[in-house]
Structure formats: structure tokens, C-alpha cells
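# Provided below are the primary sequence and the corresponding predicted coordinates.
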Amino acid sequence: MEQVGYESALPNLDAVFAALADPTRRAILSRLAGGEASVNEIAAPFDISQPAVSRHLKVLERAGLVERGIDEQRRPARLKADNMAAAADWLAEFKAFWGTSFNQLDDILITMKQSGQQDKDHE
Amino acid sequence: MSDQPQYLLDRVFDAPRDMVWRAWTDPDLLQHWYGPGVETTIHKFDLQPGGMWLNEMKWGDKSDLSKMEFQEVTPPEKLVWLHSSTDADWNITANPMMPDWPRVLLATVTFEDLGPKTKVRLTMVPVDASDAEIACFAGAMAGMDSGWGGGYKVLDEMFAELQA
């Protein structure tokens, strides 16, 4: 198997998807899609504590979906778009596998129907 | 478990059920449509419970092998198989890009008779999966539709941002 280069070239999609499995974390990402925000700002609309938000941010940070600013006071979190895009690309591929295959099945069925019709015409 | 993550795809085909069943279960027809834009070769196709479907997809100089073991074959209503990626010797392997992607997925296809048309429902769920595999699959499925597509427009917004 040619696996050389995978590790460095691509983000850890396992960690990305595991991070995305949690609805609160998806909501945090949604919030950050609107712009960077501090832990306080993120926690405000949610019914969860700031430490809980911090824990979720750590998971998102480890997955490479979020980075934190260096400002000691606020440490604003912001999205890292490239890893998110890599995960979205992968999902698009998974979806396209069956979607495109089913389109091809449509074409086969049309051919089958036409040849069935021709057989009938010959009878 | 009711909250087991699953992939679900519904599609109505404009052909009677017997014909759709044949397109799924005749390997000569199946290899013409299975796999998007790739050259699919079916090395083995033993359509019975416990029987194997050994599948190869080629594009360029790349090759992708998978093994399906049929669990249930009920013509023309239902097909169930265990779906895995394999190495060159047809041994089940992890996804090289994603070690936590479930190694084995249970695929169920039902064919519903709608007269001149047929409704096909495909579902895939992890089997004997570790917590890490379930989390990985759950996250991917959440990203696929309900999570991001439904309420959260994260990706749309990000793509708009990336393209700007």
C-alpha cells in the first residue's frame, strides 16, 4: 500500500469526524463560521459553562478545526478552514460514490428497457 | 441501539422492480454502474448468504479493493451484505487515510415495487465497531446532512469564504 506522505499531507480526518460527532461542537463551529470569538462569547448563547466550552474547544483544536489567538486575555478561537474543507471533500466523495453510481444505474436501466423493447419488437 | 449512526440514501428508479433487481445482482450489469467513473471488475460474485462479492475499482494506476459478504438475499426485495476495504489478498484493512473509519459496514438495500418504478433504499451502519469507529462514522454522517445541512450552514459559509 502506498501510504507514504499521507500523514504529513493530510489532516487527521479521524479526529475531525470524531470532533464533529458532538452537536455542541458543531454549534460552536457554526458560531465561529460567523467570525472569531472568545470563550465567553461562545458560551453566552449556550446552556453550558465556560470550562465546558474550553474543553470542547480543546477537542476542536486537537482536530485542527480551530486555532486560538495569542492574546493572553481573550484567546479568541477561529476556524481553520483548510481542515474543514478536507473533511468536506472526503464527505463529498463518499456521497458522490453512491450518487454517481446511481446515475450510472439509471443509464443502465434505460439501456435494459430499450433492449427489452427491441426483443418484443422482434417477437 | 436506536441512535446508531447510519448512512441513508433513497432513490426512485424509472424501471420495474425485477429489472432493478437484475441490474444489482447480475455481475455483468453491476460492474457497469457500480463505482463512479472508475473501471470496476468483479472478481467473484456468489449471490447467497455467506457468499462473497470481490470488487476492484481502477482509476489511473490506482486500485481500490473491497469485499462484500452477503448476509441476506431475498429476490427481488432485499439484499444485505457486510462491506469492507481489503488489501491485495482480500484481507479486511483499515482505511489508510482514516484508521478509525469503521472497518465493516452493514449495507442493506431494499427494493420497493412502485409499478413501473422502483424505490431503492440503501442504508449503511457500522458493525462490531469500536467507540472510536462509531464516533468517526457519527461525525461524518452528521456532517453529511442532518448536522451541517439542516441547521448549521458551516460548510456553505466556509466555502463562500474560501471562494471570496
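Arrived safely, thanks for sending.

# can you give me the helices for chain B?
Remark: helices assigned in chain B by DSSP state H are B:17-25, B:27-33, B:131-144, B:154-163.

# Export those helices as TSV, with columns for mean pLDDT, mean neighbour count and distance to chain A.
The way it works is simple: take the backbone N, C-alpha and C, and place the C-beta from them, glycine included. Output for the helices of chain B, formatted as TSV (pLDDT from 0 to 100; neighbours: other CB atoms under 10 Å in any protein chain shown; distance: least, CB to the nearest CB, whole Å):
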stretch	mean pLDDT	mean neighbour count	distance to chain A
helix B:17-25	96	20	5
helix B:27-33	95	17	4
helix B:131-144	88	22	3
helix B:154-163	51	15	4
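
# tally of neighbours for residue 90?
If you meant another chain, say so; for now it's chain A. A total of 21 residues lie near residue A:90 under the criterion other CB atoms under 10 Å in any protein chain shown.

# Chain B was what I was after
Neighbours of residue B:90 under the rule other CB under 10 Å: 15.

# before we move on, what about residue B:48?
If you count neighbours by other CB under 10 Å, residue B:48 ends up with 9.

# now residue B:10: how far from residue A:16?
For residue B:10, the distance to residue A:16 under the criterion CB to CB, to the nearest Å works out to 27 Å.

# So for these two, which sits in the more crowded spot?
Summary of the neighbour comparison: residue B:10 and residue A:16, criterion other CB under 10 Å, with residue A:16 having more neighbours (25 against 11).

# Other residues contacting the strand or helix carrying the more buried one?
Following DSSP states H and E, one finds residue A:16 within helix A:13-20. When contacts are defined by CB atoms under 8 Å, 6 or more residues apart in numbering or on different chains, helix A:13-20 is touched by residues A:25-26, A:29, A:59-60, A:62-65, A:83-84, A:86-87, A:90, B:97-101, B:132, B:135-140, B:142-143, B:147.

# How about stretch B:78-87?
Contacts made with stretch B:78-87 from outside it, assessed by CB under 8 Å, 6+ apart, are listed as A:1, B:24-25, B:53, B:64-73, B:92-95, B:103-111, B:124, B:127.

# Which of these fall within strands?
B:53, B:64-73, B:105-111, B:124 (DSSP state E).

# still on that earlier bit, so for the helix holding residue A:16, what's the average pLDDT?
Predicted confidence along helix A:13-20 averages 88 (mean pLDDT).

# what's the angle between that helix and helix B:131-144?
With axes from the mean of the first three to the mean of the last three CA atoms, to 10 degrees applied, the angle from helix A:13-20 to helix B:131-144 works out at 70 degrees.

# What residues sit buried inside the helix or strand that comes right after helix A:13-20?
Helices and strands here follow DSSP H and E; after helix A:13-20, the next one along the chain is helix A:23-33. Neighbour counts using 16 or more other CB atoms under 10 Å in any protein chain shown place A:25, A:26, A:27, A:28, A:29, A:30, A:31, A:32, A:33 of helix A:23-33 among the buried residues.

# What would helix A:23-33 look like as CSV? C-alpha coordinates only.
Backbone C-alpha positions of helix A:23-33 (Å, rounded to 0.1, in the frame of the first residue of the first chain) are rendered in CSV as follows:
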residue,chain,number,x,y,z
PRO,A,23,-23.8,18.6,18.5
THR,A,24,-22.4,21.3,20.8
ARG,A,25,-19.1,21.3,19.0
ARG,A,26,-20.9,21.5,15.7
ALA,A,27,-22.8,24.5,17.1
ILE,A,28,-19.5,26.1,18.2
LEU,A,29,-18.1,25.7,14.7
SER,A,30,-21.3,27.3,13.4
ARG,A,31,-20.8,30.2,15.7
LEU,A,32,-17.2,30.6,14.7
ALA,A,33,-18.1,30.5,11.0
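
# Looking at the buried residues of helix A:23-33, which two lie furthest apart in space?
Within those, two members stand farthest from each other by CB to CB: A:25 and A:33, at 12.8 Å.

# residue contacts, residue B:114?
Applying CB under 8 Å, 6+ apart, we find residue B:114 in contact with B:12, B:17.
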